[in-house]
Structures are given as C-alpha cells and as structure tokens.
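build me a model from this:
(one chain, ligands or ions: 2)
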Amino acid sequence: MRTILVTGGAGFIGANFVRMLIERGEDVKLVVLDKLTYAGNLGNINDLLASQPERLVFVKGDICDGDVVQAMFDDHGCREVVHFAAESHVDRSILSSSPFIQTNVVGTQVLLDVAKSKNAERFVHVSTDEVYGSLPEDKPEIKFAEETPMAPNSPYSASKAASDCLVRAYFHTFHMPVMMTRCSNNYGPYQFPEKALPLFITNLMQGMKIPLYGDGLNIRDWLYVEDHCQAIWTVLNKGKAGEVYNIGGNNEMTNRAIVDTILREMGSNWDDGVQYVKDRPGHDRRYAIDAGKIKRELGWEPRHRFHTAIKKTIQWYKDHQDWWRAIKNGEYLKYYQTQYAGR
Ligand code: NAD
Ligand code: DAU
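Ligands and ions are numbered 1, 2, ... in the order given. Okay, the predicted model is just below:
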C-alpha cells in the first residue's frame, strides 16, 4: 500500500481527491495535513476518517512548519506528496496578500525541502492556469500551452507562479521527482461559497442576488472537480519528473453564460436574481487551456459534460444546505460585507 501525503486535503479539491481515491478503493493510505484555515473543513472528509481509519489519517498543521512536515514522513511513513494546500481566492489576495506569500511560497519551499531530505518518491504540485495571465478574447485560437510564459496578474497568481518557480528549480538543481499541474476553474461539491459558482447558487437559495463583476463577459474554462482529481492521480502515477501538465475542460464560457445557466436551473431570472457590481481590480479577461499534452502523453481527458455536471452540482448544494449555511456565518459575513458592500 502506498502512503501519500495530501496537503490541503480538507479544502475543496483536496477533499474531492481524498474522497475519490478512498471511495473507489485505491490501494493507498492518505495522510491529510491541513491547517484548517477558514477554507478548510473537516466535515468534508469526516465520514471517511471515521469509517476508514487505516486508510485515511488527518493531522492539523501548517505546511510552513518544517517539524510538522517532517513528522509526516518520519511518523506516518509518507513517501509521495500531492500538494494542494494554498490560499486560493483572488479577491482575498487583493484585500491582503501576506497569507498568500506565507502559505503559497514559503509553505511550498518548506515542503520541498523536507520532501528532498526524505527522498520523497513522487511530488505533484497542484498549480493553476492563472500563472499564465490573461488571453485576448478576440483570438479564440490562442490558448494557454505549457510553454506559455508566466505573466501572473493578481497577488494570488503571483504567489502561485513563485511556488511554480521553486518547484521547477528543485527539479533542475536537486533532480527531485516533481511534477506540476496547471488547471482551469473547477466546480463541484464542497467548494467554499466565496468562489463564483457556489456563491451564485447559494445566494439564490437565500433570496439574495448574484453579484456579477464588471460587464460579466470575462471567460473561464470550467472543469468538473472530479475530472481534475482524476488528472492529478494520472500525473502522480504516470507523469514525467520535471514536466508541467495543463488541465482544462475545453469548456470556455462567459460569466453571463454561467449565470444564465444557473438562473434557468434554479427557476430565477436576470431582474430578480442578478446585480451588476464594480469589477474586480486587475480582473483577467479570459482563460483557456490547451490540454493536448496530458491527453497525448498520459491519456487523460475530461469525462463530465458541463450541462449535466452543473445540474448535479446545483442539486448537491440544494441537498447540503447544512454544510454551506454553517459556513455563511461569522467570519464569512464579515468578509462578504468587506468584499461586496458599496460595490
Ligand atoms: P481551498 O481554498 O478550498 O482549500 C485550500 C486548503 O488548504 C484548505 O483546506 C486550507 O485549510 C488548507 N491550507 C491553507 N493554508 C494552509 C497551510 N499553511 N498549511 C496547511 N494547510 C493549509 O482551495 P482549492 O480550491 O481546493 O484549491 C486547491 C489547490 O488547487 C490550490 O493550490 C489552488 O491554487 C489550486 N487550484 C484551484 C483551482 C480552483 O478552481 N479551485 C483551479 C486550479 C488550481
Ligand atoms: O483558473 C483557476 C483559478 O480559478 C484557481 O486558481 C483559483 O483558486 C480559483 O479561485 C479560480 O479563480 P477565479 O478568480 O477565476 O474564480 P472565481 O470563482 O473567484 O471567479 C470566477 C469568475 O467569476 C471571475 O471572472 C470573477 C467572477 N466573479 C466572481 C465572484 C466571486 C463575479 O462576477 N462575482 C463574484 O462575486
């Protein structure tokens, strides 16, 4: 049985990754290291921690703490790493960038140093398409390729780009068996309701409006989270050390088109359900991924189609109101006020 350290495994994508591997019976023991920031939620994996204690272990801790990370290898026997832990929300990085530098840059460096000293066998760094910057909307033929130069535009994407540079350097200098993935926007269950899709869906359920930034014509390439998790698992198993793999849904949509779909599925309309608000500063116009390399070299491609997976996602938020209503409280309300009041 392989023992894998999963950083950030109580967050959105990390928890979906853990759930996918444990539920389908992969021959793995997963050790989740998570600081449980505002975005981490033990409720995302609690049922599996209780039912599969030999295969899933949780440790509350900070990836910036070298002693804690070292114990993952010495005490828990981890030999491979999948690194999800990060500060991940662009709007929060605009309000304050320092936690992003700390976790995304310093935390990744600490993790790399410990993994190097323990001769970790495989290390997947989960990064983002946002490191490439923004694409022109009038040139649909241009997409992000792995060779596209990095041009991050937000403090979040700058911190992720810095972590990517560190990962690259540890391959070149120390020959560490590291791989990097750069994925487009995910949606699905357990996503913290500050991100667009769960925010829009749950706002409508609360009788509130969708706050749509700017002209609503920014474009993202939406991928169902399970497809992303399968891609990461594929890279961990079959990826080549030192390589970058782009992951995307081949599903570019404007925010207006996304909102239109959600309104229709939820029986609402533009007048009752949407409020245009002041744009996000530095808002990237368009992201689009060329995922040809991972398909050609590793055989991965998305399996979920947007029009069915979005219905499934909306239904999940309808069926799990306790989950998101508990989050949309306390600190979240203060954040919402700071982020949206007067926009
Ligand atoms: P998330 O914010 O939902 O979860 C992040 C998790 O990391 C949380 O559980 C949090 O508690 C934990 N964490 C934060 N700081 C930590 C620290 N110092 N030590 C230990 N744990 C810490 O994020 P997500 O959306 O699941 O994203 C996961 C990763 O995937 C990130 O690296 C992000 O950059 C990347 N990514 C996200 C998307 C997306 O659409 N959400 C797309 C591409 C890439
Ligand atoms: O592309 C991958 C990235 O996708 C990940 O690296 C990030 O961690 C993840 O948060 C996401 O970044 P975005 O900034 O694209 O996602 P967000 O959900 O914040 O916003 C999606 C789009 O919706 C974007 O164009 C901004 C817009 N938006 C967002 C919010 C929160 C609104 O119009 N209103 C909102 O209230």
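
any idea how far ligand 2 is from residue 336?
Here the criterion is CB to the nearest ligand atom, to the nearest Å. By it, residue 336 lies 10 Å from ligand 2. For every residue, glycine as well, the C-beta is placed using N, CA and C.

and that residue, how many neighbours?
Residue 336 has 17 neighbours, counted by other CB atoms under 10 Å.

what about it, is that helix, strand or coil?
Three-state call for residue 336 (DSSP: H, G, I helix; E, B strand; the rest coil): helix.

how close does it sit to residue 258?
20 Å (CB to CB, to the nearest Å).

then residue 191?
Distance, residue 191 to residue 258, using CB to CB: 14 Å.

overlap in contacts of these two?
residue 197 (CB atoms under 8 Å, 6 or more residues apart in numbering).

who touches whichever residue of the chain sits closest to ligand 1 in this structure?
At 2.0 Å from ligand 1, residue 11 is the closest residue in the chain, using CB to the nearest ligand atom. Neighbour list for residue 11: 34, 39-41, 44, 84-85, 88, 192 [criterion: CB under 8 Å, 6+ apart].

adding secondary structure and neighbour count, write those out as CSV.
Below are those laid out as CSV (DSSP: H, G, I helix; E, B strand; the rest coil; neighbours: other CB atoms under 10 Å):
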residue, secondary structure, neighbour count
34, strand, 27
39, coil, 22
40, coil, 21
41, coil, 20
44, helix, 23
84, coil, 24
85, coil, 29
88, coil, 23
192, coil, 20
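
restrict those residues to those near ligand 1?
34, 39-40, 84-85, 88, 192 (CB under 6 Å from any ligand atom).

ok, so of these, who is nearest ligand 2?
Of all the ones next to ligand 1 among the contacts of residue 11, residue 88 has the smallest distance to ligand 2: 3.8 Å, by CB to the nearest ligand atom.

you'd agree the closest one is up against residue 40?
No: if you go by CB atoms under 8 Å, residue 88 and residue 40 don't touch, sitting 10.8 Å apart.

so where do the helices sit in the stretch 51-200 of the chain?
66-74, 90-95, 98-100, 108-117, 155-174, 196-205 (DSSP state H, counting those that start in this stretch).
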